[in-house]
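Engineer: 3D model of this:
(2 chains)
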2 protein chains.
Amino acid sequence: MIVVVCLNPALDITHHVPAVRWAGVNRPTAVHERPGGKGVNVARTLHALGAQVLLTGLTGGVTGAGIEAGLGRLGVPARFTPIAAETRRTFTVVDGDGVVTAFNEAGPEVTAPEFAEFMGLFDRALSEALAVVLSGSLPAGLAASTYAALIEAATAAGVPVLLDTHGEALRRGAAAGPAIVKPNLDELAGLTGRALASAEGPDLTAVTAAADQLRASGAQAVVASLGPAGLLAVTGSGRWLARPAPVTGNATGAGDAVVAALARGLALGHPWDERLRHAAALGAAAVATPVAGEFSPADYANALSSVALQRDEEI
Amino acid sequence: MIVVVCLNPALDITHHVPAVRWAGVNRPTAVHERPGGKGVNVARTLHALGAQVLLTGLTGGVTGAGIEAGLGRLGVPARFTPIAAETRRTFTVVDGDGVVTAFNEAGPEVTAPEFAEFMGLFDRALSEALAVVLSGSLPAGLAASTYAALIEAATAAGVPVLLDTHGEALRRGAAAGPAIVKPNLDELAGLTGRALASAEGPDLTAVTAAADQLRASGAQAVVASLGPAGLLAVTGSGRWLARPAPVTGNATGAGDAVVAALARGLALGHPWDERLRHAAALGAAAVATPVAGEFSPADYANALSSVALQRDEEI
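Structural biologist: Model prediction:
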């Protein structure tokens, strides 16, 4: 089983309107509501891949109940620790030209006793876990060391961890020695203070140096997601660059698809080249699908056959 | 007890942002969530006035649960019939300059068995009712004759009804003989096909003729809300014009405050002049308060002392 931790899930509400009447009253022609947050997207993707998954985290109030009801409809196994505060919403308006405007609420305040209860749930889940995914931002009230504490608990239980977050939570988490961290270019640049891209695209030498810096701090491997340029993995057994064929669509959720594929490869003990081929292909398939957490198996199969993989000095 | 029927309540969500980034990601600095819908505002106002009130209607899903939880926090007595579909939301963005943009979801589909269950609840509530308020739009799946059916049931039980809606539901409802209908100028113009206002303001002769037309169709009295120009009541015992002192603020919910005051006067058997003085004053006090369903008692008392009341040929 893969345990996916989503401490700050969201209820994603999308309103479609032909044209937004600013300073007026709009009547959406379609309304969609679904469980969201990066960890939720990872768990949905793993579930769609046929992997055994357990989504855990914190939910509160009627918005939290809405997330749990939505996951039940999707068939994604989930067990959340209840909190007193209300889980956050994201509200997105999409107009007829596809212009997207988002209004993202801040996460709830989580109390120390609530997080202690979650730690108990997490510890119990570890006994059945092949891998753990820690994904997304931390809600208010949780220290930046929170992911580091979860990584230590998983390591003590012999379960490898994939961490996907940003800022101080990433820096502290990486120092706790997770099997993989998956920053995107912005997150990696922000953390290491290095310029990693130019107008021509990512500077792979600089990305490698930044990944080495993160590995020196504790992370066992770094998989940097480079957008359309693919994935650069810097690991204890060498470097790989995995580039998918070009694809058009919505990049939201593509990073979560990459994380899902990497976590599956980690849980199954697949070699790095296979992990990266699948991760790049699943990321590309996710771009082709408008909804984060969803992909078409046909797109995935097509993308898999066209991923270009380079190793070490070939890069 | 005053029974307030709100068949299409909403969960009103408001995001405050300093300046909206269109086609971007916004992080609201404040989020407010409260039960909404015209009937909810009427019930909140009656509750704040110290009147015994029971709010009834239809709620579904986690959004419906959010409305019920919010009413519980506000202390407003409520009893809803559960429906399978999800209750609607309204989503409002307010920027730092006070520019308001609203996204209002359509109401849920209500099934015939669900409405039959509500009718049972309504019939039981009638046995304790001094007056009934029917307020707001009808959700999908309910016929335009729905309010007429509720008025017939209340009339059979000897309970007077105040109706505040628009379009076909108002036309059919008025024909069922409610004690009072309270259209605004737009609703009255739409229903009667008459032009009721010019650039100088409402044409009181035309409004009177439109009200007479609505009374001829069945309504016992018509109270037309004229915005800042006040209220024009056309009743079986004559005409009244009630004008509050000028007030600046947010007119949203002012009509619901007028309905609450009229319903209280109806339940207590107050004479028309007293009803109208209170209704005009409470409407003005509601304008001075930014949240629909709320008012300051001091504003209400001040407004009450300055309402100008004219009768029949004085108008």
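Engineer: the residue of the stretch 201-315 of chain A at minimum distance from chain B: what's it in contact with?
Structural biologist: The shortest separation between the stretch 201-315 of chain A and chain B is 10.8 Å, found at A:Thr252 (distances taken as C-beta to the nearest C-beta). (Each C-beta comes from the backbone N, C-alpha and C, glycine too.) Going by C-beta atoms under 8 Å, 6 or more residues apart in numbering or on different chains, A:Thr252 touches A:Ala292.
Engineer: secondary structure class for it?
Structural biologist: Assigned state for A:Thr252: coil (three-state reduction, DSSP: H, G, I helix; E, B strand; the rest coil).
Engineer: so what's the residue nearest the centre of chain A closest to, chain neighbours aside?
Structural biologist: Centroid-nearest residue in chain A, with C-alpha atoms, centre = their mean: A:Asp256, separated by 3.7 Å. Of all residues not flanking A:Asp256 in the chain, A:Asn41 sits nearest, at 3.7 Å (C-beta to C-beta, 6 or more residues apart in numbering or on different chains).
Engineer: what's the neighbour count on the one you found?
Structural biologist: Look at A:Asn41: counted by other C-beta atoms under 10 Å in any protein chain shown, it has 30 neighbours.
Engineer: correct me, but it touches A:Ala292?
Structural biologist: Yes - with contact defined as C-beta atoms under 8 Å, A:Asn41 counts as touching A:Ala292 (4.8 Å).
Engineer: what's the overlap in contacts for the two?
Structural biologist: Common neighbours of A:Asn41 and A:Ala292 (C-beta under 8 Å, 6+ apart) are A:253, A:256.
Engineer: returning to that earlier point: now do the residue nearest to the centre of chain A, the pLDDT please.
Structural biologist: Per-residue confidence (pLDDT) for A:Asp256: 96.
Engineer: that one: what secondary structure?
Structural biologist: Secondary structure, three-state DSSP: A:Asp256 is helix.
Engineer: now do the contacts for it.
Structural biologist: When contacts are counted by C-beta under 8 Å, 6+ apart, A:Asp256 touches A:38, A:41-42, A:45, A:135, A:164, A:286, A:292-293.
Engineer: what about the strands in the stretch 151-300 of chain A?
Structural biologist: Counting by DSSP state E, counting those that start in this stretch, the segments of the stretch 151-300 of chain A that form strands are A:161-164, A:180-181, A:197-198, A:201-202, A:222-225, A:231-235, A:238-243.
Engineer: now those in CSV, with mean neighbour count, mean pLDDT and distance to B:Ala308?
Structural biologist: Listed next are the strands of the stretch 151-300 of chain A as CSV, based on neighbours: other C-beta atoms under 10 Å in any protein chain shown; pLDDT from 0 to 100; distance: least, C-beta to C-beta, whole Å:
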stretch, mean neighbour count, mean pLDDT, distance to B:Ala308
strand A:161-164, 28, 98, 66
strand A:180-181, 26, 98, 72
strand A:197-198, 13, 90, 70
strand A:201-202, 16, 92, 73
strand A:222-225, 25, 98, 69
strand A:231-235, 23, 98, 75
strand A:238-243, 21, 97, 78
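Engineer: of all those strands, which one comes closest to A:Val20?
Structural biologist: Set against A:Val20 and scored by C-beta to C-beta, these come closest in strand A:222-225, at 31.4 Å.
Engineer: that older thread, look up how far A:Ile315 lies from the residue of the stretch 201-315 of chain A closest to chain B.
Structural biologist: From A:Thr252 over to A:Ile315 the distance is 28 Å, taken as C-beta to C-beta, to the nearest Å.
Engineer: then A:Thr90?
Structural biologist: Per C-beta to C-beta, A:Thr90 is found 37 Å from A:Ile315.
Engineer: more neighbours: which of these two?
Structural biologist: More crowded of A:Thr90 and A:Ile315, by other C-beta under 10 Å: A:Thr90, with 16 against 13.
Engineer: list the contacts for that one?
Structural biologist: A:10-13, A:36, A:102-105.
Engineer: switch to 7 Å and redo it
Structural biologist: Counting by C-beta atoms under 7 Å, 6 or more residues apart in numbering or on different chains, A:Thr90 makes contact with A:10, A:12-13, A:36, A:102, A:104-105.
Engineer: bridged to it, which residues?
Structural biologist: Beta-bridge partners of A:Thr90, counted by DSSP bridges, are A:Asp12, A:Asn104.
Engineer: confidence score at it?
Structural biologist: pLDDT for A:Thr90: 95.
Engineer: please list the residues of chain A that sit near chain B.
Structural biologist: Residues of chain A lying near chain B by C-beta under 7 Å from any C-beta of the partner chain: A:15, A:22-28, A:31, A:62, A:65-66, A:69, A:91, A:93, A:99-106.
Engineer: just those: which are in strands?
Structural biologist: A:15, A:25-26, A:31, A:91, A:93, A:100-104 (DSSP state E).
Engineer: which ChimeraX command selects the buried ones in these?
Structural biologist: Buried subset of these, written as a ChimeraX selection, criterion 16 or more other C-beta atoms under 10 Å in any protein chain shown:
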select /A:15,26,31,91,93,101,102,103,104
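Engineer: the ones in strands among the residues of chain A next to chain B: which two are farthest apart?
Structural biologist: Largest pairwise distance in these, by C-beta to C-beta, is 22.7 Å, between A:Val25 and A:Asn104.
Engineer: give the partner strands of the lowest-mean-pLDDT helix or strand in chain A in its sheet and their orientations.
Structural biologist: Using mean pLDDT, DSSP states H and E, the weakest-scoring helix or strand in chain A turns out to be strand A:197-198, at a mean of 90. Paired strands of strand A:197-198, with direction, are strand A:201-202 (antiparallel) (DSSP bridges).
Engineer: residues in contact with the strand it pairs with?
Structural biologist: For strand A:201-202, the surrounding residues in contact (C-beta under 7 Å, 6+ apart) are A:185, A:196, A:226, A:229.
Engineer: now the third one. Its backbone dihedrals?
Structural biologist: With angles defined as degrees, to the nearest 10, A:Leu226 sits at phi -110, psi 20.
Engineer: so who does it touch?
Structural biologist: Shown in contact with A:Leu226 (C-beta under 7 Å, 6+ apart): A:185, A:202, A:232.
Engineer: and it, what pLDDT?
Structural biologist: pLDDT, A:Leu226: 95.
Engineer: kindly report the same for the second one.
Structural biologist: According to the prediction, A:Leu196 has pLDDT 95.
Engineer: repeat that for A:Thr289.
Structural biologist: On the pLDDT scale, A:Thr289 gets 88.
Engineer: just give me the neighbour total for it.
Structural biologist: Counted by other C-beta under 10 Å, the residues lying close to A:Thr289 total 18.
Engineer: for A:Pro18, same thing?
Structural biologist: Residue crowding around A:Pro18 was assessed by other C-beta under 10 Å; the count is 12.
Engineer: how about the nearest residue to it, chain neighbours excluded?
Structural biologist: Counting by C-beta to C-beta, 6+ apart, the nearest residue to A:Pro18 once its immediate chain neighbours are dropped is A:Gly96, at 4.5 Å.
Engineer: go on, A:Glu105?
Structural biologist: Residue nearest to A:Glu105 in three dimensions, not counting chain neighbours: A:Arg88, with 4.2 Å by C-beta to C-beta, 6+ apart.
Engineer: picking that back up, using a markdown table, please lay out the strands of the stretch 151-300 of chain A together with distance to A:Leu276.
Structural biologist: Below are the strands of the stretch 151-300 of chain A laid out as a markdown table (distance: least, C-beta to C-beta, whole Å):
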| stretch | distance to A:Leu276 |
| --- | --- |
| strand A:161-164 | 13 |
| strand A:180-181 | 11 |
| strand A:197-198 | 20 |
| strand A:201-202 | 16 |
| strand A:222-225 | 7 |
| strand A:231-235 | 6 |
| strand A:238-243 | 4 |
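Engineer: and A:Val100, bridged to which residues?
Structural biologist: Beta bridges link A:Val100 to A:Val94 when assigned by DSSP bridges.
Engineer: again but with A:Leu232, I slipped
Structural biologist: Bridge pairing for A:Leu232 - DSSP bridges - gives A:Ala224, A:Leu241.
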